[in-house]
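> Have a look at this fold, sequence not included:
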């Protein structure tokens, strides 16, 4: 007998569950997950939308369910069910859930999120430092020679911030190195991805952590779309206008690849 299918619409504060022609609402917390377990039978297939960090807590449902993460654009079909009841809706939901990818909450994926946050923070600190150096009448170079010269200057509000930012930069870069070492420990070292020219150890680990099993992509176009690197093209009559990349996919993965 086929496993029953349910869909969960995830938001910050609540979970809306569609199961067997009925809707249920639960709080998006541990208490809500326990209530869901009383409604959905073990072994049930569950489709959820990837919504920032809010869907991650569904790990508390445990391993009794086959949880699938669905692309938000695909899940629009599920949202159309609201207020409608028919056997066709159940069949449509089953099709949508089958399109989802396996739900995982690995340490590797969490480390990539932290790596992305720290990397962006380093960029912001460096940009602020360059701005301060210009205000102090120096070149915006972050070379050791230039910074040593700046630090010998007369103390003022801007120089005080420079000292603070240099301390922050040192801590952030140390944290980034720590995360990269941890990534190397939790991601398989034998993947063929590390044989691809231009893909170093860190980027390879990030791709593996964010994507998982690459075989789930039927072709390279689907992988490019998953990264949000597919071209956004608008056509009207005989004119075709490129609007850059779609940016609809995994932001951490896309940011890492663009740094190549």
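Nice, I can see it. The structure displayed is predicted, hence computed values, not measured ones.

> what's the straight distance from one end of stretch 8-26 to the other?
End-to-end distance of stretch 8-26: 10 Å, with C-alpha to C-alpha, to the nearest Å as the criterion.

> Pull out the buried positions in it.
8-10, 15-19, 24, 26 (16 or more other C-beta atoms under 10 Å). From N, CA and C alone the C-beta is placed, and that goes for glycine too.

> for stretch 128-146, same thing?
128-129, 132-133, 138.

> in the chain, which ranges drop under the pLDDT threshold?
Judged by pLDDT under 70, the chain has its weakly predicted residues at 1, 50-55, 57, 59-60, 62, 70-106, 235-241, 260.

> Please parse it into its domains.
Each domain of the chain is listed here as a residue range: 5-102, 107-190, per automatic domain parsing.

> Dump these into CSV; add distance to residue 227 as well.
Formatted as CSV, the domains of the chain follow (distance: least, C-beta to C-beta, whole Å):
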stretch, distance to residue 227
domain 5-102, 13
domain 107-190, 13
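
> about what we covered before: which among the buried residues of stretch 8-26 gets closest to residue 159?
The closest of the buried residues of stretch 8-26 to residue 159 turns out to be residue 10 (C-beta to C-beta; 47.6 Å).

> That closest one and residue 63, how far apart?
19 Å (C-beta to C-beta, to the nearest Å).

> Strands along the protein, start to end?
5-10, 14-19, 22-27, 45-49, 66-70, 101-102, 231-236, 239-245 (DSSP state E).

> Report the distance from the first one to the chain centre.
Relative to its parent chain, strand 5-10 has a centroid offset of 20 Å by C-alpha atoms, centre = their mean, to the nearest Å.

> Partner strands of it and their direction?
Sheet pairing of strand 5-10 (DSSP bridges) gives strand 14-19 (antiparallel), strand 45-49 (parallel).

> now do the third one
For strand 22-27, the pairing partners within the sheet under DSSP bridges are strand 14-19 (antiparallel).

> what comes into contact with the partner strand?
Under the criterion C-beta atoms under 8 Å, 6 or more residues apart in numbering, residues 4, 6-9, 23-28, 32, 36, 39-40, 44, 78, 81-82, 93 lie in contact with strand 14-19.

> Phi first, then psi, for the nearest residue to residue 223 once chain neighbours are set aside.
Using C-beta to C-beta, 6 or more residues apart in numbering and skipping the chain neighbours, the partner closest in space to residue 223 is residue 217 (4.4 Å). Backbone geometry at residue 217, expressed as degrees, to the nearest 10, gives phi -90, psi 120.

> Pretty sure residue 217 sits against residue 249.
No - between residue 217 and residue 249 there is no contact under C-beta atoms under 8 Å: 11.6 Å.

> These two - which one has more neighbours?
residue 249 (20 against 15; other C-beta atoms under 10 Å).

> And that one, how close does it get to residue 226?
5 Å.

> ok, now residue 12?
Noted for residue 12: a distance of 24 Å to residue 226, by C-beta to C-beta.

> ok, back up a step: so for residue 196, which of the domains of the chain sits nearest?
domain 107-190 (14.0 Å).

> what about that closest one, start to end distance?
Domain 107-190 end-to-end distance (C-alpha to C-alpha) = 18 Å.

> Run the chain-centre distance for that domain.
How far domain 107-190 lies from its chain's middle: 23 Å, per C-alpha atoms, centre = their mean.
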